[in-house]
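In: Build me a structure from this.
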Amino acid sequence: MSYDILIRNGTIIDGTDQPAYRGDMAIKAGRIAEIGRIHSGDAAKVIDASDLIVAPGFIDPHTHYDGQICWDPLVTCSSWHGVTTVIMGNCGVGLAPCKLNVRDVATWDLVNVEAIPFEVLKKGVTWDWETFPQYMDAADKRGSGINLAFLAPLTPFRHYVMGEDSMDREATMEEAARIKALIKEAVAAGAFGFTTTNAPQHIGYKGRPLACRMASRNELKAYANALRELGRGAIEIIVTRNPYRMAEDEYALLDMLLTESGRPVTWLSLRRRFERPEALEEILRVADAVIKRGALPQISNLPLVTQMSLRQPPISFAPYPSWKPVFNASLEEQKRHYADPSFRAAFRNEMQKPGLFTPEWQRITVNLAVNPVLKSLEGRTVAEIANERGQDGLDVFFDLAIEDNLELRYIAMRADIPEELLDDPRTMIGISDGGAHVDQLCDAGYCTDLIGTFVRGKQVLSLERAIKRITSEPANFFGIKDRGRLAAGLAADVVLFDYNKIASAERPEMLHDLPGGGRRLVVRAQGIHYTIVNGEILYDNEKHSGRLPGRVLRSGAVVS
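Out: Residues are numbered from 1 along each chain as shown. A predicted model of the protein is given here:
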């Protein structure tokens with residue numbers, strides 16, 4: 001037998017939680033031809049995997065590469081870390097469907113929710129589509145290094161039907177019926193479900209509420225029914241308005257979505273906040289019944305650490321009324337606003353209530369200053385500087401930014417890792433946000449970090465269990481039928497890595513490689529030897545093969 005690739009003597013972990021074993025794998029015509037002990041056969045490429053783990057390619061369930069796939073066919077940084085499939089269109093925000101004359105609306109939605117600079121999107125997005133099926137077809141035609149799976153984000157669907165009214169009110173029955181038909185069309189064409197958000201920080205065009213937030217329960221019921229009628233798809237939603245608790249109406253929303261769709265639901269987000277660590281278990285307790293029915297919260301194995309500048313304020317400030325004039329304002333307007341004593345007084349008052357931003361100035365550090373006078377403050381906390389200046393932490397937070405013409409960048413530690421939940425079937429590991437918050441954070445390396453830190457380092461879970469968590473579990477949840485496992489006949493998405501070296505780099509790098517020279521944080525991978533997508537080598541020891549073997553995956557596709 002002649003194969004395309006023959007992997008010899010690797011330690012095979014098949015993604016199903018079965019014990020690792022020594023074996024071979026043969027790949028032909030994009031699929032796994034044989035697995036186990038292969039005694040004869042030649043191949044165009046033979047890989048000696050004696051010192052390597054052979055695992056299914058990783059599947060990232062929560063990304064925002066909706067625009068980036070237009071200019072970055074390798075879908076970095078995710079593909080560097082052994083990810084062979086990304087699921088995008090999360091949080092109810094995206095770029096399709098979209099009419100020609102309102103492209104700026106969709107663009108600003110991504111700017112405000114996912115912190116991707118407007119100029120980057122303006123220069124990089126190709127706009128060779130109008131409808132959602134056309135958007136998927138355009139991605140297929142364009143080509144990709146890894147597989148792309150799409151969720152239908154509710155905001156552009158509502159805007160497509162309702163126009164700017166979508167940001168102000170619920171849909172009429174007739175409008176909801178049209179939106180439902182479009183969502184049904186998208187899922188029938190291959191989308192893996194739809195997404196929305198309940199989060200008050202999610203603002204869109206001109207600082208107005210993201211359109212999907214205005215959807216009524218009756219609307220959402222109709223859209224959930226679309227999935228029931230098709231018998232496929234999942235729902236992703238940001239459900240908790242308060243990071244410390246799940247309200248009764250939020251629980252009822254999850255219950256309704258499960259009931260009306262008959263499909264799984266994944267919700268965000270479950271984080272252990274430093275200021276209220278006990279809240280995480282309380283949310284799990286309240287949500288227990290819906291979790292058992294298939295509403296899985298997403299968690300991260302990475303601490304929530306963000307870089308931020310006040311020139312492009314993070315969405316954690318969006319729920320505060322005093323901040324509304326700041327978003328999408330000019331530099332001079334922002335500086336005047338931050339310096340205004342009445343703004344600072346209003347913000348102090350607003351922070352008395354629980355929110356996404358907490359004034360823990362000892363956890364906010366000056367990371368980078370452009371003004372030479374401020375360079376000595378890099379690496380120091382706002383609390384330390386405030387103490388030296390004899391000022392309040394909030395005043396120092398704004399004063400330093402103004403003194404650096406809003407170029408100054410902070411690092412904020414906002415949440416810790418719930419290690420005890422990494423092996424917990426009540427949760428899904430995800431929330432990488434790959435492609436979003438481009439100069440604030442980069443969590444695309446969560447897969448390599450999970451193995452390097454929590455399997456090899458801390459031994460929180462077994463390697464077999466960790467692989468299952470980031471392969472077959474998300475594949476099964478979203479209905480990706482022929483990925484996430486290693487078995488004869490399935491798609492040959494495979495990652496080979498050195499267990500003793502696999503890791504996510506400790507420090508991110510700042511690159512200026514976005515369209516127009518825009519900057520982004522990236523995190524490199526370590527220990528990945530080969531990444532194989534649809535039976536073709538994408539990376540060989542970190543070097544791109546020149547091929548683009550990825551494809552657009554379609555829900556409901558029959559395994560051939």
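
In: Would you mind listing where the stretch 451-560 of the chain has pLDDT under the threshold?
Out: 558-560 (pLDDT under 70).

In: Find out how far the helix or strand harbouring M510 is from the centre of the chain, if you would.
Out: Following DSSP states H and E, one finds M510 within strand 509-514. What separates the centre of strand 509-514 from the centre of its chain is 19 Å, taken as C-alpha atoms, centre = their mean, to the nearest Å.

In: And for stretch 404-423?
Out: 15 Å.

In: pLDDT averaged over it - what is it?
Out: Mean pLDDT, computed over stretch 404-423, is 91.

In: What residues of it count as buried?
Out: Across stretch 404-423, burial judged by 16 or more other C-beta atoms under 10 Å covers 404, 406-412, 414-415, 417-418, 421-422. In this view, the C-beta of every residue, glycine as well, is placed from N, C-alpha and C.

In: Which of those sits closest to T84?
Out: Nearest to T84 among the buried residues of stretch 404-423 is L422, at 21.4 Å by C-beta to C-beta.

In: From I429, how far out is that closest one?
Out: Separation of L422 from I429 (C-beta to C-beta, to the nearest Å) stands at 7 Å.

In: Find the residues that touch each one of those two.
Out: I299, N301, L450, R469 (C-beta atoms under 8 Å, 6 or more residues apart in numbering).

In: Show me what whichever helix or strand comes after the strand holding M510 packs onto, helices and strands only.
Out: Moving toward the C-terminus from strand 509-514, the next helix or strand (DSSP H and E) is strand 518-522. Using 3 or more C-beta pairs under 8 Å, 6 or more residues apart in numbering; DSSP states H and E, the elements in contact with strand 518-522 are strand 509-514.

In: Buried residues of stretch 260-268, list them for me.
Out: Judged by neighbour count (16+ other C-beta under 10 Å), stretch 260-268 contains these buried residues: E260, S261, R263, P264, V265, T266, W267, L268.

In: same check, this time on stretch 145-165
Out: Buried, per 16+ other C-beta under 10 Å, within stretch 145-165: 145-162, 165.

In: just how off-centre is it within its chain?
Out: Centroid separation for stretch 145-165 versus its chain: 16 Å, with C-alpha atoms, centre = their mean.

In: re earlier: nearest to G41, out of the buried residues of stretch 260-268: which one, please.
Out: Nearest to G41 out of the buried residues of stretch 260-268 is P264 (C-beta to C-beta; 39.8 Å).

In: so that closest one makes contact with L257?
Out: No: using C-beta atoms under 8 Å as the test, P264 is too far from L257 to be in contact (9.7 Å).

In: which neighbours do the two share?
Out: Joint contacts of P264 and L257 (C-beta under 8 Å, 6+ apart) are I235, A295.

In: domains in this structure, as residue ranges please.
Out: 2-56+499-544, 58-162+188-213+223-303+417-478, 308-412 (automatic domain parsing).

In: And the ones you listed: which comes nearest R169?
Out: domain 58-162+188-213+223-303+417-478 (8.1 Å).

In: Beyond the longest helix seen in the chain, next helix or strand please.
Out: Using DSSP state H to define each element, the chain has its longest helix at helix 173-188. Remark: after helix 173-188, the chain's next helix or strand is strand 193-197, criterion DSSP H and E.

In: What's the first helix or strand after that next one?
Out: The helix or strand immediately downstream of strand 193-197 is helix 217-230, counting by DSSP H and E.

In: In terms of secondary structure, what does that next one contact?
Out: Checked by 3+ C-beta pairs under 8 Å, 6+ apart, helix 217-230 has helix 173-188, strand 193-197, strand 234-238, helix 248-261 packed alongside it.

In: And the contacts of it?
Out: Outside helix 217-230, the residues that touch it by C-beta under 8 Å, 6+ apart are 154, 170-171, 176-177, 179-180, 183-184, 187-188, 193-194, 196, 215, 233-235, 253, 256-257, 260-263, 556.

In: Now that we have these, which of them are buried?
Out: 154, 170-171, 176, 179-180, 183-184, 187-188, 193-194, 196, 215, 233-235, 253, 256-257, 260-261, 263, 556.

In: which non-adjacent residue is nearest S309?
Out: Residue nearest to S309 in three dimensions, not counting chain neighbours: R409, with 5.0 Å by C-beta to C-beta, 6 or more residues apart in numbering.

In: Next: G262.
Out: R228 (4.6 Å).

In: For the residue nearest to S309, list the residues it contacts.
Out: Contacts of R409 by C-beta under 8 Å, 6+ apart are Q307, M308, S309, V366, N367, L368, A369.

In: elements contacting the longest strand along the chain?
Out: In the chain, taking DSSP state E as the definition, the longest strand is strand 2-12. Applying 3+ C-beta pairs under 8 Å, 6+ apart, one finds that strand 2-12 contacts strand 21-28, strand 42-48, strand 53-56, strand 494-497.

In: count of residues packed around D424?
Out: 15 (other C-beta atoms under 10 Å).

In: Would you mind measuring from it to R469?
Out: Using C-beta to C-beta, D424 is found at 10 Å from R469.

In: May I see the buried residues of stretch 459-468?
Out: Under the neighbour-count criterion of 16+ other C-beta under 10 Å, stretch 459-468 has V460, L461, L463, E464, A466, I467, K468 buried.

In: Revised request: answer the last question for stretch 495-504.
Out: Buried, per 16+ other C-beta under 10 Å, within stretch 495-504: V495, L496, F497, Y499, I502, A503, S504.

In: Nearest to E542 among these?
Out: F497 (11.5 Å).

In: May I have the residues that are in contact with the most centrally placed residue in the chain?
Out: What sits nearest the mean C-alpha location of the chain, by C-alpha atoms, centre = their mean, is D433, with 2.4 Å. With contacts defined as C-beta under 8 Å, 6+ apart, the neighbours of D433 are H62, T63, H64, E114, L441, D443.

In: go on, R208?
Out: M167, D168.

In: circling back to that earlier point, out of the helices and strands packed on helix 217-230, which is closest to L331?
Out: Among those, strand 193-197 sits nearest to L331 (C-beta to C-beta), with 28.8 Å.

In: now the angle between helix 173-188 and that closest one, please.
Out: 130 degrees (axes from the mean of the first three to the mean of the last three C-alpha atoms, to 10 degrees).

In: can you list contacts of strand 193-197?
Out: Strand 193-197 has contacts (C-beta under 8 Å, 6+ apart) with 89-93, 113, 151-155, 157, 183, 186-187, 210, 212-213, 215, 220, 223, 226-227, 233-238, 263, 478, 555.

In: okay, now E236: neighbour count?
Out: E236 has 28 nearby residues by other C-beta under 10 Å.

In: picking that back up, can you list which of the buried residues of stretch 145-165 are found in helices?
Out: In helices, defined here by DSSP H, the members of the buried residues of stretch 145-165 are L154, T155, P156, F157, R158, H159, Y160, V161, M162.

In: Relative to A215, how far out is the third one?
Out: Just to be clear, that refers to P156. 13 Å.

In: Next: the last one.
Out: Counting by C-beta to C-beta, the separation of M162 from A215 is 10 Å.

In: ditto for the first one
Out: To A215, L154 is 6 Å away according to C-beta to C-beta.

In: so how far is A226 from the residue in the chain sticking out farthest from the centre?
Out: Distance from the C-alpha centroid of the chain peaks at S40, with 42.7 Å (C-alpha atoms, centre = their mean). Distance from S40 to A226, counting by C-beta to C-beta: 51 Å.

In: ditto for E509
Out: Counting by C-beta to C-beta - E509 and A226 are separated by 42 Å.
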